[in-house]
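In: Prediction below, plus the sequence it came from.
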Amino acid sequence: MSLSTRRPSPIRCEVWGIASPPQQDRTRVVVVDDHPDTAHVMALALQIEGFEVTTALDGTTGMLRVAQDEPDVVLLDITLPDMSGVDVARHIREVTSRNIAIIAVTSLGFERDREKYRLAGFDAFCMKPVEMPELVRLINRVTGKTPAH
């Protein structure tokens, strides 16, 4: 009888809250990621799925995009060049009265990290590399467009 040394697979995505459904036909998304290729590919894939998407490559620009674009969802990397995505999420929660879903999209997914994200006001977490069908389902779920099974 051999004991397996295989570690359990990490949680890929997790939801903690559900925002109000978007008021318009297309869900507006702001992607904040410091890797231009990642931001561009994610935005393009979401646009193909019917989302209205803008991008930002740092936290400061991300906060400006959120203020200007009034998105339904923010996909927020944690490790940004000018500030932490956790600080960006806290700022969004402090300055807006809108019910915006904030999803941490990061490679930092240990249990203690996920708890920190939840306490900072994130509604969900998705581990990089992101699988687009999974991300689309997650966005729909946190915006209330699909039932939370």
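Out: Cool, got the structure.
In: Buried ones in the helix or strand hosting Arg118, by neighbour count?
Out: In the assignment (DSSP states H and E), Arg118 maps to helix 111-120. For helix 111-120, the neighbour count (16 or more other C-beta atoms under 10 Å) marks Asp113, Arg114, Lys116, Tyr117, Arg118, Ala120 as buried. Every C-beta, even on glycine, is put in place using the N, C-alpha and C of the backbone.
In: do the same with stretch 92-101
Out: Across stretch 92-101, burial judged by 16+ other C-beta under 10 Å covers Ile92, Ile100, Ala101.
In: what residue is smack in the middle of the protein?
Out: Ile103 (2.3 Å; C-alpha atoms, centre = their mean).
In: How is that one assigned, secondary-structure-wise?
Out: Using DSSP: H, G, I helix; E, B strand; the rest coil, the structure places Ile103 in strand.
In: so it touches Ile139, yeah?
Out: Yes. In this structure, Ile103 is within contact of Ile139 by C-beta atoms under 8 Å, at 7.2 Å.
In: Now do the shared contacts for those two.
Out: Listed as contacting both Ile103 and Ile139 by C-beta atoms under 8 Å, 6 or more residues apart in numbering are Val73, Leu75.
In: So which residues of the protein form strands?
Out: With strands called from DSSP state E, the chain shows them at 13-15, 28-32, 52-56, 73-76, 101-106, 124-127.
In: now, of those, which is deepest in the fold?
Out: Greatest average neighbour count among the strands of the chain goes to strand 73-76 (a mean of 28), per mean count of other C-beta atoms under 10 Å.
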